[in-house]
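Visitor: the following comprises the amino acid sequence and a computationally predicted model.
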Amino acid sequence: MAIPSSGTISLAGIRAELATNTYNASATVTASLEDCSDGTVATINTGNASGDRPNGSAPHAMSEFYAYDHDVSSFTDNISFDLDGANDYLEGDSGLVAAIPTTTGSISCWVKIDTTSANGLIWALNISGNTQNQIFLLYHNGSGVIRGNFKGANVANIVDSSTGLENDGNWHHFVMTWQASSKASGNIVKLYEDGSLQDSDTIAQSQTFSGTPNLFGFGRNALQNNGQNFNGHINDMAIFNDVLTASEVTSIYNSGSPKDESGHSGLQAYYTLEGYSNGDTEVSDDSSNSHTLTITNSTDIDSTDTP
């Protein structure tokens with residue numbers, strides 16, 4: 001059957017395949033899912049292979065029809081991490097730290113914020129003992145926002161989310177991007193929230209990052225006595241060495257979660273968390289770069305609450 005590349009697919013159109021083997025978007029004859037699955041009127045089938053159609057036994061799970069979907073993700077999303085706000089955190093290896101440029105980059109992640117009375121670091125790129133140059137995303141309790149900060153030469157370039165996200169019961173998608181070169185104009189940091197640009201701030205050429213980071217992780221502030229632990233869920237974290245465009249960010253958000261980022265040339269690390277089992281002390285990298293994360297202070301950090 002020829003699958004349309006856009007628009008909706010009706011059961012009537014599928015039924016019309018029986019005579020012509022071509023999808024008929026204008027067909028009006030109705031058919032039930034059971035009729036389509038057991039061959040009464042047609043098969044929901046991309047190649048007349050039994051694995052491409054429902055099993056013939058009603059009622060049907062939507063997963064039985066996934067082979068008919070030309071844009072389905074290649075993996076499931078059953079696990080997130082629930083950080084306790086006390087001492088749980090994830091730490092990147094030296095290879096990951098080196099792979100994140102301070103001149104151009106993007107970090108994408110899904111978060112769900114629990115009730116909290118303090119700031120909570122979602123992720124941070126730092127230099128040990130240096131608070132004048134750092135790039136991070138946190139929940140800022142005093143303002144009630146997710147706040148991104150590209151800090152260079154001790155000057156903060158801040159981008160804020162909308163308010164009202166704490167304990168709202170919802171997952172939110174955030175992407176922070178930065179372009180910051182001392183030899184280029186157009187330097188800017190941006191924060192996208194749920195697929196749309198929420199805030200941006202211009203970075204002066206004199207405010208670019210100085211030094212070489214040696215710390216990157218999720219869930220805590222490695223500079224302030226290892227505090228500001230994040231209280232909430234996190235999932236599908238993707239790290240890029242280039243600046244994602246607005247359309248790329250929207251595509252990630254609209255695809256749902258998880259989103260297979262393996263085809264993006266700038267991908268440096270991707271953590272779907274799906275390979276985690278209780279007792280694991282590391283998180284595997286789902287990109288081809290093998291940058292593992294070390295889990296600290298928890299052997300039971302997984303949750304079935306996902307975006």
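Guide: Arrived safely, thanks for sending.
Visitor: what about stretch 187-202, how long is it end to end?
Guide: End-to-end distance of stretch 187-202 (C-alpha to C-alpha, to the nearest Å): 6 Å.
Visitor: ignore what I typed, I meant stretch 267-284.
Guide: 15 Å.
Visitor: so what touches it?
Guide: Under the criterion C-beta atoms under 8 Å, 6 or more residues apart in numbering, residues 75-81, 90, 92, 96, 99-100, 235-241, 258, 261-262, 285-287, 289, 291-295, 299-302 lie in contact with stretch 267-284. For the C-beta atoms, the positions are set from N, CA and C on the backbone; glycine is no exception.
Visitor: would you list the buried entries among these?
Guide: 77, 79-81, 90, 92, 96, 99-100, 235-241, 258, 261, 285-287, 291-293, 295, 301-302 (16 or more other C-beta atoms under 10 Å).
Visitor: where do the helices sit along the stretch 201-307 of the chain?
Guide: 246-254 (DSSP state H, counting those that start in this stretch).
Visitor: quick one: the strands in it?
Guide: In the stretch 201-307 of the chain, strands defined by DSSP state E, counting those that start in this stretch lie at 215-218, 231-240, 267-271, 282-283, 293-296, 302-303, listed in chain order.
Visitor: of all those, which lies closest to D168?
Guide: Among those, the nearest to D168 by C-beta to C-beta is strand 231-240 (10.9 Å).
Visitor: which secondary structure elements does the closest one contact?
Guide: Judged by 3 or more C-beta pairs under 8 Å, 6 or more residues apart in numbering; DSSP states H and E, strand 231-240 is in contact with strand 80-84, strand 104-113, strand 120-127, strand 267-271.
Visitor: list the strands paired with that strand, with their directions.
Guide: strand 80-84 (antiparallel), strand 104-113 (antiparallel), strand 267-271 (antiparallel) (DSSP bridges).
Visitor: would you format these as JSON lines with mean pLDDT included?
Guide: Output for those, formatted as JSON lines (pLDDT from 0 to 100):
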{"stretch": "strand 80-84", "mean pLDDT": "92"}
{"stretch": "strand 104-113", "mean pLDDT": "96"}
{"stretch": "strand 267-271", "mean pLDDT": "95"}
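Visitor: of all those strands, which lies closest to P307?
Guide: Nearest to P307, of all the strands paired with strand 231-240, is strand 104-113, at 4.7 Å by C-beta to C-beta.
Visitor: roughly how far out does that closest one sit from the chain middle?
Guide: 6 Å (C-alpha atoms, centre = their mean, to the nearest Å).
Visitor: okay, that strand in PDB with CA atoms only?
Guide: Written as PDB, here are the backbone C-alpha positions of strand 104-113 (Å, rounded to 0.1, in the frame of the first residue of the first chain):
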ATOM      1  CA  THR A 104      28.400  27.200  20.300                       C
ATOM      2  CA  GLY A 105      26.200  24.600  21.800                       C
ATOM      3  CA  SER A 106      22.700  23.400  22.600                       C
ATOM      4  CA  ILE A 107      21.300  21.200  25.400                       C
ATOM      5  CA  SER A 108      17.800  19.700  25.200                       C
ATOM      6  CA  CYS A 109      15.900  18.000  28.100                       C
ATOM      7  CA  TRP A 110      12.500  17.300  29.500                       C
ATOM      8  CA  VAL A 111      11.900  18.300  33.100                       C
ATOM      9  CA  LYS A 112       9.000  18.100  35.600                       C
ATOM     10  CA  ILE A 113       9.500  20.200  38.700                       C
END
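Visitor: ok so, going back, could I get the strands paired with strand 231-240 in TSV, plus columns for distance to K151?
Guide: Formatted as TSV, those follow (distance: least, C-beta to C-beta, whole Å):
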stretch	distance to K151
strand 80-84	23
strand 104-113	14
strand 267-271	21
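Visitor: out of those strands, which one sits most buried?
Guide: strand 267-271 (a mean of 25; mean count of other C-beta atoms under 10 Å).
Visitor: N241: what's it in contact with?
Guide: 99-101, 104-105, 266, 268.
Visitor: what of K183?
Guide: Q205.
Visitor: same thing but 10 Å
Guide: Taking C-beta atoms under 10 Å, 6 or more residues apart in numbering, we find K183 in contact with 103, 205, 208.
Visitor: F136: which of the strands of the stretch 201-307 of the chain is closest?
Guide: strand 215-218 (9.8 Å).
Visitor: in a markdown table: the strands of the stretch 201-307 of the chain, plus distance to G129.
Guide: A markdown table is the format used below for the strands of the stretch 201-307 of the chain (distance: least, C-beta to C-beta, whole Å):
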| stretch | distance to G129 |
| --- | --- |
| strand 215-218 | 10 |
| strand 231-240 | 23 |
| strand 267-271 | 25 |
| strand 282-283 | 26 |
| strand 293-296 | 20 |
| strand 302-303 | 33 |
